[in-house]
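> Take this sequence and fold it.
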Amino acid sequence: MAKFQTLQEAVADNIRDGNSIAFEGFTHLIPHAAAHEVIRQGRKNLTVMRMTPDLIYDQLIGMGCVKKMIFSFAGNPGVGLLRRLRDSVENGWPHKIELEEHSHAAMANAYEAGAAGLPCAVFRGYRGAELTRVNPNIKFITCPFTGEELAAVPALRPDVAVIHALKANRNGDVFMEGITGVQKEAVLAAKRSIVTVEEIVDDFEGVSPNAIILPSWTITSVAEVKGGAHPSYTQGYYGRDNAFYIAWDDIASDRERFRAWMDEHVMEAGPEVFASRVAGLMQKGGTR
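Model (predicted):
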């Protein structure tokens, strides 16, 4: 059953050095505050996974937290490169990480397989794809019923899934709506899970038929962190901070500038910074 904790407590209790972690989100509801707390607590040798790793992965890699990344697309959406990721791969700063690259279809199927307790995902794909040259975890099997050649990849079963959502009720159930990715599947596949939410409410009212409800028994820890997805967005609470995504390209392009920004805005700050920052954005009615 879900346990209500501060973000600091949730990370301390659930994330250890050497863990595999899925910080999932798809443009919407990206768990920035939780990833920052992992950085502040100095976790190392992490295997991180996500279908679309963006700024938080650039930050985790640049701060030396990551050993390996399992991913499909990686980049600063709408802007370009992840410069700390590239510096790690090309120049070994702060150290060289391992990469396991997949297609979106493979990642989505691998999470679903993990959620179902299966050892691998089987699907149509990868025939003729060059990723097979660099990823030994892509295999091919023959369907015992049709004789068709199918692709197979290992199931994704992270030690910890970390997501951001709109609300939790006092029973620990979690409510999500709007654009979602594989957050539900990642939580169901994981051994433990941390969910940050904008608010804790008595009950969910006017639930959309498109909403996702994660019952409390699927979740380990819930932490209320207002603004916890910033600079991504949370539907109905605040918009995407497009200006920050553009600014990040310059911040991350220089090692010293990157470390100075991380020291000021992450290492010396706490989750409450997100709440005040987003409150300011809402008052100004802007994205920056």
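> Find me the pLDDT at residue 209, would you?
We have a pLDDT of 83 for residue 209.
> Phi, psi for it please.
Note on residue 209: its backbone torsions stand at phi -70, psi -10 [degrees, to the nearest 10].
> How many neighbouring residues does it have?
Burial measure for residue 209: 5 neighbouring residues, criterion other CB atoms under 10 Å. C-beta: built from backbone N, CA, C; applies to glycine.
> For residue 165, see how far away it is.
17 Å (CB to CB, to the nearest Å).
> next one: residue 219
Taking CB to CB, one finds residue 219 at 10 Å from residue 165.
> More neighbours: those two, which one.
Of the pair residue 219 and residue 165, residue 165 is the one with more neighbours under other CB under 10 Å, namely 27 against 24.
> Walk me through which strands the strand or helix carrying that one pairs with, and which way each runs.
The secondary structure element spanning residue 165 is strand 160-169 (assigned by DSSP states H and E). Strand pairing for strand 160-169, using DSSP bridges, gives strand 20-23 (parallel), strand 174-176 (antiparallel), strand 192-201 (parallel).
> Which of those sits closest to residue 252?
strand 20-23 (17.3 Å; CB to CB).
> neighbouring contacts of that closest one?
15, 30-31, 34-35, 38, 46-50, 56-57, 111, 156, 158-163, 186, 189-190 (CB atoms under 8 Å, 6 or more residues apart in numbering).
> For it, output the C-alpha coordinates as PDB.
Written as PDB, here are the backbone C-alpha positions of strand 20-23 (Å, rounded to 0.1, in the frame of the first residue of the first chain):
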ATOM      1  CA  SER A  20      17.700   0.500 -12.200                       C
ATOM      2  CA  ILE A  21      15.200   3.300 -12.400                       C
ATOM      3  CA  ALA A  22      12.600   4.500 -14.800                       C
ATOM      4  CA  PHE A  23      11.900   8.200 -14.600                       C
END
